[in-house]
Each structure stands twice: as C-alpha cells, then as structure tokens.
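1. what follows is a predicted protein model with its sequence.
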Amino acid sequence: MSPTLSELEAKAAEKKAAFGGDAHIVCDNLVRIYKTEGVEVVALQGLDLLIQEGELVAVVGASGSGKSTLLNVLSGLDVPTAGVARVAGMDLLSMTAKDRLRYRRDIVGFVWQQTARNLLPYLTARENVELPMKLAGRSGMSKARRERAAELLDLLGVASCADRKVPEMSGGEQQRVAIAVALANSPQLVLADEPTGELDSETSEEVFGALRKANGELGVTVVIVTHDPLVSERVDRTIGIRDGRTSSETLRREGVAEEYAVLDRVGRLQLPHDFMNALDMERRVRLELESDHIGVWPAREEPSNEQ
Amino acid sequence: MRILRLAQVRLGAMAMLSLLTLSACLLVAGLPRVLQGSYDEALHRALQDAPAQLADLTVQTRSRGGPDDLHEPGQFASRDARLRSLVPPRLRPLVSAPGQMSAKTYDTPVHLSGGQTYINLAWLSDGERRVEWVDGRAPGKPTTTRWSGSEIPLFEVGIVEEARTTMPLKIGDVRILGESDYAAVKIVGVFRAKDPGARYWSHDIDVLHVTQVQPPGKLELERRTTALISSAGLAALSGADRNLIYSWVLPVAPTAAASLDVPELRAAVEDYGHVVTLQPAGADSQYRLETELPGLLDTFGTALGTAQTVMFLVLGGLLVVALGVLVLAVQLLAERIDHPLALARARGGSLRQVAGTGAALVALAVVPAALAGWGLAFLVPGPVPWIAHAGPALVPLTAVGYAAARLAMTHRTPLHERRDDVAAARPSARRITLELLVVGLALAGAYLLRARGLTTGGQDPFLLFVPVALTVAAALITIRCYPLPLKLLVRLAARGRLAVPFLGLTRAARARSASVLPVLILLPALAVSVFGTVISGGLSTTQRLASWQSVGAPIKLTSPVELPPDAIERVRKVPGVRLLVPAQTATAQIGYGGERADIIAVDLAQWRRLLDGAPISVPLTASGASGIPVLVSHELRGRGTFEIAWYERMKVTTAGEIASLPGFYPRGKFIVLPFATNKRPGVNTLLIKGEADHAALLAATGQPKAELTSQEQALAAIEDDPMTGTVQNILLITAVALAVYALIAVLVTLVIGAADRARALSFLRTLGLSDRQARGLTVLEILPLILITSLAGLALGLGLPAALGPGIDLSAYAGDLAVGDYSADPVMPVVLAAGLATVAVLGTYAHTAISRRRSLGAVLRVGDLA
C-alpha cells in the first residue's frame, strides 16, 4: 500500500541522523582534486571515514593512495574540493580563514615524518613547545606556558631535553618533542604523518609509546598515517586507503585481528586485489543473497551475448 | 618567533641585507649632496665670474635738482638703509655686505671742446678707501669762481693717472664744464686705484679708465673721464645743472647664493625691482633697479637644468637598481626563513604574525643600516636637498614593504606546495596586451621626444618618463623573448651527442619566474652605466673638440706687433717645437666702402699637417682659380671675385666657403688668404706643434707683449668647471656602483637557486654526471640570462643618448659646443658588459665548486625538505 501524502510529508520533515552521527571525525564522500598548471590529480575520490573521540587509529596505504592528502585536509592545512569533512563538529569545507586558524590553534595538532620539519632548529625543545601557545596568544603568563611545556615534555619522557636545541637531540627525542609541540595547545586531535618513518625500531617504539600515552592519558584522538607494521599492528583499528578511498578496516580485539572490507553508504565495496586475481574476476561479478551473507561469483562465460 | 635568534641563525643574509641598505642609503643620501654642493659652487663661480656691475643690485635715481638733490653723505646713508629695508627676506642674505653709494654726472662736456671731451664728476662713498693719491692731493671743499660775469661753483677734482696722458690733463688745470649751466673744475690731484682688480671697481670703471670712442663720421676720438670730488663737493652738485645720477650698490655675495633657491631668488629680484620703483625718490624722480642678476640666474638655471636631468636619470637608475638588488636580497632572506615561517603558519600562526615576523626581521637588518647610511652621508660635504632624506627613507620602506607583501602572499594558505618543475603557463591575453601597450607607449614617447625636443628651461617630466618607459619595455621584451632563442638552441643541442649543453640550456629555458627580477636589475644597471659612460665619453670628446676649436693649434702664439723673421727662427729652434706655421692676421677693407673683414694669411696645407690627429681640421683652398684664391665666411659668400685693401689693393677670388675658422673666427666676416699673398709677410701669429716649454717660446719671440694659449690650457679651463667635474665623477661612481650591484644581483640569484640546482645536480651525479660536467651545466644554465640581459642592457644604454639626444643639452659643460657625438668610444661600455658577464660566470663556477664539497646523500636529503 502506497503511503499517503501526509505520511510522506512527515517522513521528509523527520530529521535524519547525519552520517556519522556524533563521531569525532567524519569524512563523507570526500574529494580533493589538485590542479597544477592544467594537470589534474584526483587525490581523494570520495573517501568515507568515521573516527570516534579518543580513538587511536592507524591509516595505511600504498604510496600515492591519498593518505597524506587526507591528513592535510584533517589538519586544516588543505581544503577539500567536495564532500563532507567534519572534525569536532567543525565543517572543514565551509570554514572561513579565521575559523581555520582557530581550528589549527585549538582543535588539531600534528607531527610530520621528517623530524627536522617539525621543529625550529634554532630553538630549544621547551621553546619549540611554547611556540604554538605563543602563536595562539595563549596564557599571557609566560610562567603558565613554561609549566605546560615542562609538563608535556615530562609526560613524553623528554624532560631532559628541555633546554637542548634540535641538533643536540636524537631522532626519537626530536619526534617526541614534536608530539609535545603538537599537544601544546591541548588539541582534541593529533595527526601524525609517518612519525616513525625515519627512525629505527627501538626509537619507533618510544615514539609510538609517546603517542599512545597522549591518547591514553590526555584522551586525545590520534590518527597515525604509517607504513610501519610496528605501529599499524598495535592499534585497535587500522584503516586501509586505496586509490583515494577507504578500502579496508582491520579491527583488533583482545589480540585477534579481523580484516573487514569497507562498505560505503551507497553499498560500494572494494574487493582485495589478490581475491580478484585468484578467481580471475574482471569487469563484473555475480552476487547472490544468502540468509546470512552475500556470495560473490565470477561472471559466467556468455560468449554469445558478449558479441 | 624569537626574531633575534632567527636573525642570528640567518646572519649571512641579514648582513648582506644590512650592507646593501647601508650602501644604497649612503649613495642616495650622499651623491645628491655632492651634486648640490657642486651646483652651488658652480652658481658661486657663475656669479663671481660675472662682472659685479651685472651681478650686483644697483638702485639708481636721477636727480632733477631742488628737493631731489642729496647734499651730504648722511642723506645717502639714510636712503641706503631705507632701500635695504625693502629687500625681500629671501634676497637679504645675498646683499648683507655693505655697499657703495655714488653720485655721478654723465655727459658733462668741457666748455668749447666741441663735444669731444667730457669730464664727468663723481662722488664715491668709499673713495678714500679705494684710491691712493700719486700726485697732488685729495680734492677739498668746493668754492666759487667768476666766469663770464657770473658766479659759478668751482670743484676741486682728482683725475686718474690715465687721464693725465690721454686727455691730456695736469694738476692745476682748470676747465669750465657745461654749455649753458657752467661749473669749473680744478685738478688738484692724480689718483690710482689701490686694488684695480677689486670687484667694486666694476661699477665705476669710468672712474678708472678714460673712454675713447670714434664717433661715426668724425676723425677725432671722443674722450671721457670721470673725476672724483670730495664729500663736501656734494653740496654744490645739483641735478638742476647737470645730468646727475645717484646710485646705491647692494653687492651680491656670490657665496651666499644656493642653487636650490635660484627660482625664488630670481622672483625676489623682480619683486625688489617693483618695490623699489614704487618708492618715492624725490619730487620728480623714481628709483629703478639695475641688475642682470635674473639673466645670470637664468643662464645658470639652464645649465643646472641639464645637469639635473642627466643626474636625475643616472641617480634614479642607481636608486632603482639598488632597490632591485635589495628586493632580491630580501627574497633570499625570505627563502631562508621559509621553513620557520611555514611551520609557524601551520602551527596556528596568523598571517599577520607570520608576515609581521618576516617584516620585523628585515626591518632589524635594514633600519639600523639605513640610519647609519643616512648618518654617514652627513660626512659628505654639501647642502642637503630633500632627496637626500627621501631616498634613504624609501630604501628601508621598500625592503620591509616588499618582505611583508611577499611573505603575506606566500603564506596566505598554510600549505604552499609549489610545483617549480612545471613550466609556466601561457601568459594571459590581458597581460600580453598590457605589455604591448607599455612597449608601444615607450616607443611613441621616444619618437615624440625626438620630434618635439624639450620645453625650454626647468625639468621636463617627459624626458624623465621616456627612459623609464624604454627600460621597462626593454626588460619586458627581454623577459618575454629570451626563452625563444634558447629553445632553438635546445633543439639543436638535443640532436647533439653531448648531454650537458642540452640539460643546461633546457634548465635555462625553463627557468622559473624568479629570473624576472635579475633581468629587471641587470638591464637598468647596465643600461644606466653604459648610458653614463656614453654621456661621459661624449662630453669629454666634445670638451676636447671645443678646446681645439678655441685655440686652433696645439699652441698658438700671438703678438700685437709683427714678429721679425729672426724671432720666428728663434721660436722654431726652441727645443720641442716640431712644426711651426706662421700666420698673419689683420683687418682689411672690402671694396672701397666702410666694410671691413678680418683676414688671416696662412699656409692651410701646413696648418692641416699641424692638426694631424686633432679632432678638427681646416679646409684646403681649391687651387686653379684666377686671382688670389681665398676662403670666405658665410657672411661674405656669393661675391665671387672682389677687391680688398690690405697693405695694397688686391683682387681675391672666392675658392671656398667656411662657417668658422678654429682658433680665430667662430663667426662673422673673415677671409682666409694664402700665406704668400704679401711679398713681405708681417707675421703676428705662430701656430706651433710640439712639447716646447711655454715660457721658452715666449722668451724666444723677444716680444714682451706676445701671448701664448695652448689647447691643453683651454681644455683644462673647460674641464675646470665645478659642475662638469662633478658630473663626470658622479657618472663614474654610478657606473662602478651599478656594476657592483649587477654583480651582487647575479650572485644572489645564484644563491637563491642554489638548493634547487644542487638537488638537480645531485640527482644527475647519481646518474654519472662528473664535477666538470656539473660546472658546465651550471654555467650554461646561468649564462644565457646574463648574456642576453647584458646585450639588451648594452643596446639600451647605447641607444638612450640617441633617443634622448635633443633632450639633453650638455653644451654648457663643453665650452658651449653642442654635444652631439654620442657614438663615442663603444669600447668602454662593451668592456663593462663583458667584464660583468665574465665575473658572473666566474661566480657561478666558484659556487658550483663550493657545493661540490657536500656529499650526495646530504644534498638529496636536504632537497627532500624543500
């Protein structure tokens, strides 16, 4: 029986829960296209992502899959071309320049891969940590700034480096100071772009430990882009990105990892390459709905129709 | 951001910025002072060299007797005070010195002399100070005497020594003056000037010398002298009886005038003239101002205007280039602090914080340096024109402003990932239209300037606009077109087997837009310095030409009386004399009327030999004509064969026509005869070539009144002008400064592109590029820009004088000879351009050699960060 007009009206007026609901990070069909001198590169091709507050998430993917672009968008350094990107309730697409500045000052902190890029080499670790606070015009009292910096350095285990300049610190120390810098303004979200990329495994361990500590003790949401299995295998959730889309998620519960394919809002699904290759799946597949799952079969050979 | 710490880290770039600012401020604050000082000196010289009679302000009034008469010095003094009180304030410093007052009669004939003898009477307020009595005594009080049955005043007078012999007069003589109202003068003394060369005598030259003129149609000379009377004599002097003029001289102090005030001074003099006319001088008479000061100031103003125009162009070019280099250095610093600022921007720094930090850093480098440069300029002597303050203010403002604007542009968005490797997109149609418009305007402007010439006097804004527009146009064309020949070369190189030329030229052809700035600096730098060299070369050539034209020979010896053959032989034998050409000069009657012409009899062929290697020459007389072949001036042309009287009557035939005869007659009526016209030559002029001692030459003539002038002396006299010297010096200083700036621009460009180039080279070296090839690659990458810009700058600099030719009249600095030959020595400009290109290439080599020392890995890694 078809619905009456008033029923349809009521249905239209009914407020639908937005995608992602109250998730901390919401990306819906996010697109980012670079245009340089006439050359177009689609870095994000409709990416969906939901991350809850206080999560520690790793993002993995091949080189050029759009990981860093995603991070730049989330950190407010880059503006997406289309779609939805919301962090802590702030819409990253419709932000004014002023909002964006406030966002970078208050909401987000980030750590780059290259240790040298994160810190100003001519300042000490403490001064580096104080810098974002100063830039934000925060806590007029220099004493408060100093205390906050000391607290952060202490928390991340680099209190001893407070008065050392960048060249006087090891790579791991530099990266941990960089995390302290990222945390300086008490952000709700810390983004790290391959923070252990340049480090050996032992140091990587320390840096990852620092991020985990920030997540655990300060309740900060942490998103780590990484290639490092040491990192990706030790977080609760690992998100795989392929060709500018989220393709898989690995969840770890009590030491058991389960890999899932990501199903987007309109029902699209990326099949892993090796699965497709193994069954020689190409162009089209046959789906069959069973009672508790959906079966995917290679297409039957239909030579007459193919002509 | 810890600006001081950041400054400490970037000390090199900061120091360079400081040095550049210091030098730019010193130059733009110092050079105008030097110039203004020389302008002032030239003005002082102009006023000093002009006779006081012309330069000073003389207020005169004619007494018509009765109440107009002034009978005692006190009356003069009170009127002097009154006249001085009327002097406009602007003029007052010039006429602060105490002046002279005088009462003089004019056209006072001696009774029954038939209008042939005049004895004028003069009272000079400072007569006692100026003359000394060589005979007799100073005149005393006037008395009276009876003459022709009536009582007439008798003045005691003193006469000048010269009047004793010429008039002739002697002590004790009594003369009756006047033809209707009589007065008697008794000569009681003979005086001479204590200092006949003093300036004040210029006003009373009639007192010092007897004037002798031959009135038309009369045989006898008319003689006039002015005799001095005492102050007491004033009481008996009345305008009712004589032509009587009272004068108050307000002497102008040449050194008190400033060239900056010339227009105001001129106006003030005119004002004073009007004010004085409106003053009541007596019942029936008026004051009037007699001075040539406005004319002198105008003449000076014309010369000044030209110098100012040339200097404005040159100094303006210098300022522009200095600012350009400064901007380039700011760019270097901006690139150096890009990382901290980008990081700060990403970590929540607002645009104002980031751009402010960069601007503050630049200000830290430039403001103290600018103050220091401005302060140091106070050590340079000379008055301070406004530009000496405005220039140094402009320099740091530009640097800080550019830094702020550039950083604000760069860090507008926090993530500025540039794609330098992508070749520039096609320029928009709007931009091309704009560029075409600029080029068109520049060419049209140059054409109009040539067609129209200059507005007379003062600055011509058009003249200043055209070179700027031409430079911009040349830069635009260079920037737009220089990749074109390169691309052609790249195509050729691509076919070759060698990789280095191909890679190097490709990199050069794909250079990013940052190379626009070096072009904008190099081009005007070269253009202005070449322009300066050409102007300066043209000036010295013309000065030399003028000196030759004024003397006509290396050495010219003239004697008022004939030089006998033995004297000529003696001169010929003076050591150092290589060639001697005798000549006879005189005036001759043309035909039978009163027309006269200057004549010179000289062997023109010999004279030509004498002038071998000189910039002037004399024409040869075409031989073969009947009669005596002569050259005549334009004013005597078209007469064919005519008769002249010189010792004897002779018929001469026009064999040629000349405008002027160097060393003798610049214009007028003159005739050049063959030397042997006269059977017995009366030589009074010797033209000499050689390095003989001047005193020895004069001594050899045995004629004490002989005079010697040499081309070298004449040249020295022309060059001695303070403005000429300064113009030449400034041109030199500017050329050197510009060359240095151009070099710095090349080096800074190299340093700015160093990281990028090092990375590219390192990648290539991992592929097997050798050090030598790397150097070659760098040179090939930089060389085309330098070469093409140098050529464009050279062409522009050589072309500018031609384009502006009619606009720049440097004749005031070249002995009043028009400076037209700017095609002068192209060697100097070419050497300049070539030298610069060489040094730039050497710099490139050195730079590559230094960067070679860094390890490949480090460079590649550093490259990753950029």
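-> Okay, I see it.
2. residue B:262 reaches residue B:46, doesn't it?
-> No. The pair residue B:262 / residue B:46 is not scored as a contact, 10.3 Å apart, by CB atoms under 8 Å. (Glycine included, C-beta is placed from N, CA and C.)
3. what residues are shared contacts of those two?
-> Listed as contacting both residue B:262 and residue B:46 by CB atoms under 8 Å, 6 or more residues apart in numbering or on different chains are residue B:300.
4. quick one, which of the two is more surrounded?
-> Higher neighbour count among residue B:262 and residue B:46: residue B:46, with 22 against 18, using other CB atoms under 10 Å in any protein chain shown.
5. give the contact list for the more buried one.
-> B:254, B:296, B:299-300.
6. okay, now the unreliable bits of the chain?
-> With no chain named, the answer covers chain A. For chain A, the stretches with pLDDT under 70 are A:1, A:15-20, A:36-38, A:138-140, A:301-307.
7. let's do chain B instead
-> Those would be B:1, B:216-217, B:415-427, B:452-461, B:510-515, B:622-626, B:805-826, B:851-866, if you go by pLDDT under 70 across chain B.
8. show me what residue of it gets nearest to chain A.
-> residue B:348 (3.6 Å; CB to the nearest CB).
9. what sits closest to that residue if chain neighbours are left out?
-> Using CB to CB, 6 or more residues apart in numbering or on different chains and skipping the chain neighbours, the partner closest in space to residue B:348 is residue A:105 (3.6 Å).
10. pretty sure the one you found contacts residue B:345?
-> No. Residue A:105 lies out of contact with residue B:345 (CB under 8 Å); the separation is 11.4 Å.
11. what about the two, which has more around it?
-> Using other CB under 10 Å as the criterion, residue A:105 and residue B:345 rank with residue B:345 on top: 27 against 23.
12. next up, the contacts around the more buried one.
-> Applying CB under 8 Å, 6+ apart, one finds that residue B:345 lies in contact with B:351, B:354, B:411, B:414.
13. return the residues in contact with the second one.
-> Neighbouring residues of residue B:354 by CB under 8 Å, 6+ apart: B:341, B:344-345, B:407-408, B:411.
14. and the strands in the stretch 101-250 of chain B, which stretches?
-> B:117-124, B:131-136, B:143-147, B:150-160, B:174-177, B:183-193, B:211-213, B:222-228, B:243-250 (DSSP state E, counting those that start in this stretch).
15. which other helices and strands does the third one contact?
-> When contacts are defined as 3 or more CB pairs under 8 Å, 6 or more residues apart in numbering or on different chains; DSSP states H and E, strand B:143-147 packs onto strand B:150-160.
16. any idea of the angle the strand it packs on forms with strand B:222-228?
-> Relative orientation of strand B:150-160 versus strand B:222-228 (axes from the mean of the first three to the mean of the last three CA atoms, to 10 degrees): 90 degrees.
17. what inclination does strand B:150-160 have with respect to strand B:117-124?
-> Using the same axes, to 10 degrees, strand B:150-160 lies at 80 degrees relative to strand B:117-124.
18. list the buried residues for strand B:150-160?
-> Buried residues in strand B:150-160, counted by 16 or more other CB atoms under 10 Å in any protein chain shown: B:152-160.
19. please list the residues of the stretch 1-150 of chain A that sit near chain B.
-> Contact residues (CB under 8 Å from any CB of the partner chain) of the stretch 1-150 of chain A with chain B: A:36-39, A:72, A:75-78, A:97, A:101, A:104-105, A:110, A:114, A:116-123, A:127, A:131-132, A:135-136.
20. checking my notes, residue B:549 in a helix, right?
-> Yes. Residue B:549 forms part of a helix when assessed by DSSP: H, G, I helix; E, B strand; the rest coil.
21. distance-wise, check it relative to residue B:688.
-> To residue B:688, residue B:549 is 17 Å away according to CB to CB, to the nearest Å.
22. what do you get for residue B:195?
-> 36 Å.
23. more neighbours: which of these two?
-> In terms of neighbours (other CB under 10 Å), residue B:688 is the more surrounded of residue B:195 and residue B:688; the figures are 25 against 12.
24. tell me which element whatever residue of the stretch 101-250 of chain A ends up closest to chain B falls in.
-> The stretch 101-250 of chain A approaches chain B most closely through residue A:105 (3.6 Å), counting by CB to the nearest CB. Using DSSP states H and E, residue A:105 sits within helix A:97-106.
25. distance from that helix to the middle of the chain?
-> 18 Å (CA atoms, centre = their mean, to the nearest Å).
26. that helix: what's the following helix or strand?
-> strand A:108-111.
27. the very next helix or strand once past that next one packs against which elements?
-> Counting by DSSP H and E, the next helix or strand C-terminal to strand A:108-111 is helix A:115-118. Judged by 3+ CB pairs under 8 Å, 6+ apart, helix A:115-118 is in contact with helix A:171-183, helix B:338-346.
28. give me that answer again for 6 Å
-> Contacts defined by 3 or more CB pairs under 6 Å, 6 or more residues apart in numbering or on different chains; DSSP states H and E place helix A:115-118 against helix A:171-183.
29. any idea how far stretch A:236-254 is from the middle of the chain?
-> 11 Å.
30. can I get it in PDB? Just the C-alpha atoms.
-> In PDB, the C-alpha atoms belonging to stretch A:236-254 read as follows (Å, rounded to 0.1, in the frame of the first residue of the first chain):
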ATOM      1  CA  ASP A 236      42.800  -1.000  17.800                       C
ATOM      2  CA  ARG A 237      41.700   0.000  14.300                       C
ATOM      3  CA  THR A 238      43.700   0.200  11.100                       C
ATOM      4  CA  ILE A 239      42.100   1.800   8.100                       C
ATOM      5  CA  GLY A 240      43.400   0.900   4.600                       C
ATOM      6  CA  ILE A 241      43.200   3.500   1.900                       C
ATOM      7  CA  ARG A 242      43.400   2.600  -1.800                       C
ATOM      8  CA  ASP A 243      43.100   4.900  -4.800                       C
ATOM      9  CA  GLY A 244      41.700   7.700  -2.700                       C
ATOM     10  CA  ARG A 245      39.100   5.700  -0.900                       C
ATOM     11  CA  THR A 246      38.900   3.800   2.300                       C
ATOM     12  CA  SER A 247      39.100   0.200   1.300                       C
ATOM     13  CA  SER A 248      39.500  -1.900   4.400                       C
ATOM     14  CA  GLU A 249      39.500  -1.800   8.100                       C
ATOM     15  CA  THR A 250      41.300  -4.100  10.500                       C
ATOM     16  CA  LEU A 251      39.900  -4.400  14.000                       C
ATOM     17  CA  ARG A 252      41.800  -5.900  16.800                       C
ATOM     18  CA  ARG A 253      40.000  -7.200  19.800                       C
ATOM     19  CA  GLU A 254      41.900  -9.000  22.500                       C
END
